[in-house]
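Visitor: Need coordinates for the following:
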Amino acid sequence: MKAIVRYEYGSADVLALGEVDQPAIGPREVLVRVRAAGVDRGVWHVMTGLPHLGRLAFGLRVPRNPVLGMDVSGVVEAVGVEVEALRPGDEVLGTCSGAFAELAAVREDRCVLKPAVLTFEEAAAVPTSAVTALQALRTHGRVRAGQRVLVIGAGGGVGSYAVQIAKACGAHVTGVCSTSKLELVRSLGADEVVDYTVTDVVESEDRFDLVLDIAGNRSVSRLRRVLSPRGTLVIVGGEGGDRLTGGMGRQLGAALLSPLVRQRLHFFVAVVRRPDLETVRELLESGAVRPAVSRTYALADAARAIRDLEGGRVAGKAVVTV
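Guide: Purely as a prediction, here's the structure:
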């Protein structure tokens, strides 16, 4: 089958369209005929092997799985002997290892039925980004109606969902993004939008009950300035930092400081699980949340998709079609 492969860590230059064997499925996996695959920062981290700490999961010296890609949508072709909830012909979305391919093996507990209201391209933009936003807001941020929420990085994949989910929870949302993404963030329902090239939001007089830092380029001390006295900071993912540990130093600093101050300082790395995917699916079906897909690319152009993401040229989500 055709797939985007790489046999070493590096920039998008290491990617190539190649031929690989069809994946074998385990007893609790399904074989999915891929229709589209999502592009996000997680794909970039797996491709580059950065930070180096991540190679404990991806492969120390070379990638354990040569096929790139995580978020997937498509049609189930076969199911493992212990699969109960899915059957051949089902249209699904989920996460896996090796989504940039014609076929992918997906764990049953990492996928759900695709909402009928979504195209395959839209569905591929959902899993990791939407679940990350959900966990940041509900699990770690404990968002409530009437709260003032600041989303730093609102124009990206996770941020575009965070704005919508926070609004669905009844919060007043301020989104921070670049000039080119202002209209997108407004269209997603943000009450206020801040252009970070013009205004540094952490220097403002505003105070927020919940701050989601997705961008990863501000210190914890600066982020605390805009928190209310008992507000919550959630650092999303591992952006920023050095090549060895990424943003872990900043995250660990927040965790150590949190017990000593009245504000709650949290960090997490999302793990996509079926219950959260089901919650996201309900939000999508109700119309409260929609994927913001701004760019689609052919499978052969996956490297360009990642370069555009890295260069900040993608508003919302980018998707590779297969």
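
Visitor: Let me see the ranges of the helices in the stretch 51-200 of the chain.
Guide: With helices called from DSSP state H, counting those that start in this stretch, the stretch 51-200 of the chain shows them at 55-58, 120-124, 127-134, 157-168, 182-187.

Visitor: Alpha carbons of the last one, in PDB - could you do that?
Guide: Listed next in PDB are the C-alpha coordinates belonging to helix 182-187 (Å, rounded to 0.1, in the frame of the first residue of the first chain):
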ATOM      1  CA  LEU A 182      -8.300  36.800  13.700                       C
ATOM      2  CA  GLU A 183     -11.300  36.200  11.600                       C
ATOM      3  CA  LEU A 184     -11.300  32.500  12.100                       C
ATOM      4  CA  VAL A 185     -11.200  32.900  15.900                       C
ATOM      5  CA  ARG A 186     -14.000  35.400  15.800                       C
ATOM      6  CA  SER A 187     -16.100  33.000  13.600                       C
END
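
Visitor: Outside of it itself, list whatever touches it.
Guide: With contacts defined as Cβ atoms under 8 Å, 6 or more residues apart in numbering, helix 182-187 is touched by 154-155, 159-160, 163, 175, 177, 193, 195, 292, 294, 315-316. C-beta coordinates here come from the backbone N, C-alpha and C atoms, glycine included.

Visitor: With distance to Ala130 and neighbour count added, can I get those in CSV?
Guide: What follows is the contacts of helix 182-187, written out as CSV (distance: Cβ to Cβ, whole Å; neighbours: other Cβ atoms under 10 Å):
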residue, distance to Ala130, neighbour count
Ala154, 14, 33
Gly155, 15, 31
Gly159, 11, 31
Ser160, 9, 34
Val163, 12, 32
Gly175, 16, 30
Cys177, 18, 28
Val193, 21, 21
Asp195, 25, 15
Ala292, 11, 24
Ser294, 16, 17
Ala315, 16, 22
Gly316, 12, 24
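
Visitor: From these, pick the one nearest Gly253.
Guide: Gly159 (22.7 Å; Cβ to Cβ).

Visitor: If we ignore the residues flanking it in sequence, what's nearest the closest one?
Guide: Gly153 (4.4 Å; Cβ to Cβ, 6 or more residues apart in numbering).

Visitor: mind listing what that neighbour touches?
Guide: Gly153 neighbours (Cβ under 8 Å, 6+ apart): Gly159, Val176, Cys177, Leu212, Asp213, Ile214, Ala215, Gly216, Val236.

Visitor: repeat that with 6 Å
Guide: Gly159, Ile214, Ala215 (Cβ atoms under 6 Å, 6 or more residues apart in numbering).

Visitor: could I get these as TSV with distance to Val46?
Guide: Shown next, in TSV, are these (distance: Cβ to Cβ, whole Å):
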residue	distance to Val46
Gly159	20
Ile214	18
Ala215	20
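
Visitor: Shouldn't Val202 be within a helix?
Guide: Yes. According to DSSP: H, G, I helix; E, B strand; the rest coil, Val202 belongs to a helix.

Visitor: ok, now how distant is Glu102 from Val67?
Guide: 10 Å (Cβ to Cβ, to the nearest Å).

Visitor: More neighbours: these two, which one.
Guide: Val67 (21 against 16; other Cβ atoms under 10 Å).

Visitor: Give me the nearest residue to that one, chain neighbours excluded.
Guide: Gly98 (3.6 Å).

Visitor: Looking at the contacts of Gly153, which gets the smallest pLDDT?
Guide: Ranked by pLDDT, the contacts of Gly153 bottom out at Ala215 (87).

Visitor: Next, the contact list for Phe100, please.
Guide: Ile4, Ala37, Leu68, Gly69, Ala302.

Visitor: likewise Val269?
Guide: Val269 touches nothing, counting by Cβ under 6 Å, 6+ apart.

Visitor: same check, this time on Ile25
Guide: Ile25 neighbours (Cβ under 6 Å, 6+ apart): Leu31, Gly80, Ala105.

Visitor: If we use 7 Å, what do you get?
Guide: Contacts for Ile25 were tallied using Cβ atoms under 7 Å, 6 or more residues apart in numbering; they are Leu31, Ala78, Gly80, Ala105.

Visitor: In a markdown table, list the residues you listed along with pLDDT, distance to Gly18 and neighbour count.
Guide: Converted to a markdown table, those look like this (pLDDT from 0 to 100; distance: Cβ to Cβ, whole Å; neighbours: other Cβ atoms under 10 Å):
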| residue | pLDDT | distance to Gly18 | neighbour count |
| --- | --- | --- | --- |
| Leu31 | 99 | 20 | 20 |
| Ala78 | 98 | 23 | 15 |
| Gly80 | 98 | 26 | 17 |
| Ala105 | 99 | 18 | 19 |
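
Visitor: Return the subset of those lying in strands.
Guide: Mapping the contacts of Ile25 onto strands (DSSP state E) picks out Leu31, Ala78, Ala105.

Visitor: Leu93: what's it in contact with?
Guide: Val72, Ser73, Cys111, Val112, Lys114, Ala123, Ala124, Val126, Pro127.
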